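Asker: quick one: sequence and predicted model below, then my questions.
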Amino acid sequence: MPHQEKVHPGNGITITLNGKFDLDSLYKTIKNWFDENRYDYYENENQEKNFPEGNFILMKLNGTRDVDDFVQFRVEIGLQVTRLNRLEKGYTGELTVKLRGFYTLDYKNNWKNFDIPFYIYRKIILKKKIDDFYEPKIYDELMDLNSKVKSDLKIAR
């Protein structure tokens, strides 16, 4: 049975901006980050609603990367904009970006019938590699994405 662990704090890393931003550039920055880091990218949700005070946009962008035959990394991005209005260059509104990172052990479900051996493998044999490689790697990638998003939005890191 696949075992998933999060590497982000609390409910995720939250970036907020109330003001002017370039939504198209932000989307490209995120998409390019997934490509550069060899993640399979997909959108779970993309909706837009029109309101008199400005549009509402909700996007859920996800990426997965198979690290090896046992571990898979997953990054989830929630992007929400309220009171979105188009300007001559860019947009204005209230933007919230939420970043979350996970690693999944046994994502191919090869150990599904071996609960006790899987526990021993995960907690004893693979523990050092999880602590010294997998967790720091996905965490560093998540922090890199955080920096790129903040840079695109011109927010101090």
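Answerer: Cool, got the structure.
Asker: where is the longest helix in the protein?
Answerer: Identified as the longest helix of the chain according to DSSP state H is helix 135-152.
Asker: which parts of the least confident helix or strand in the chain by mean pLDDT are buried?
Answerer: Using mean pLDDT, DSSP states H and E, helix 115-120 stands out as the lowest-scoring helix or strand of the chain, at a mean of 79. By 16 or more other CB atoms under 10 Å, the buried positions in helix 115-120 come out as Phe118. The C-beta positions use only the backbone N, C-alpha and C, and glycine is treated the same way.
Asker: and whichever helix or strand comes after it, what other elements does it pack with?
Answerer: Per DSSP states H and E, the first helix or strand lying C-terminal to helix 115-120 is helix 127-129. Helices and strands touching helix 127-129, by 3 or more CB pairs under 8 Å, 6 or more residues apart in numbering; DSSP states H and E: there are none.
Asker: pLDDT of helix 127-129, averaged?
Answerer: Model confidence over helix 127-129, given as mean pLDDT, is 88.
Asker: again, but for stretch 97-114
Answerer: pLDDT averaged over stretch 97-114 gives 89.
Asker: put the alpha carbons of it into PDB.
Answerer: The C-alpha coordinates for stretch 97-114 follow below in PDB (Å, rounded to 0.1, in the frame of the first residue of the first chain):
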ATOM      1  CA  VAL A  97      -0.800  30.700  -4.200                       C
ATOM      2  CA  LYS A  98      -0.500  27.500  -2.000                       C
ATOM      3  CA  LEU A  99       2.400  25.100  -2.500                       C
ATOM      4  CA  ARG A 100       2.500  21.600  -1.200                       C
ATOM      5  CA  GLY A 101       5.000  18.800  -1.600                       C
ATOM      6  CA  PHE A 102       4.900  15.100  -1.000                       C
ATOM      7  CA  TYR A 103       6.800  12.000  -1.600                       C
ATOM      8  CA  THR A 104       5.100   8.600  -2.000                       C
ATOM      9  CA  LEU A 105       6.800   5.300  -1.100                       C
ATOM     10  CA  ASP A 106       5.800   2.200  -3.000                       C
ATOM     11  CA  TYR A 107       3.800   4.300  -5.500                       C
ATOM     12  CA  LYS A 108       3.600   1.300  -7.800                       C
ATOM     13  CA  ASN A 109       2.000  -0.700  -5.000                       C
ATOM     14  CA  ASN A 110       4.500  -3.600  -5.300                       C
ATOM     15  CA  TRP A 111       4.400  -4.200  -1.500                       C
ATOM     16  CA  LYS A 112       0.600  -4.200  -1.100                       C
ATOM     17  CA  ASN A 113       0.600  -7.800   0.200                       C
ATOM     18  CA  PHE A 114       3.600  -7.400   2.500                       C
END
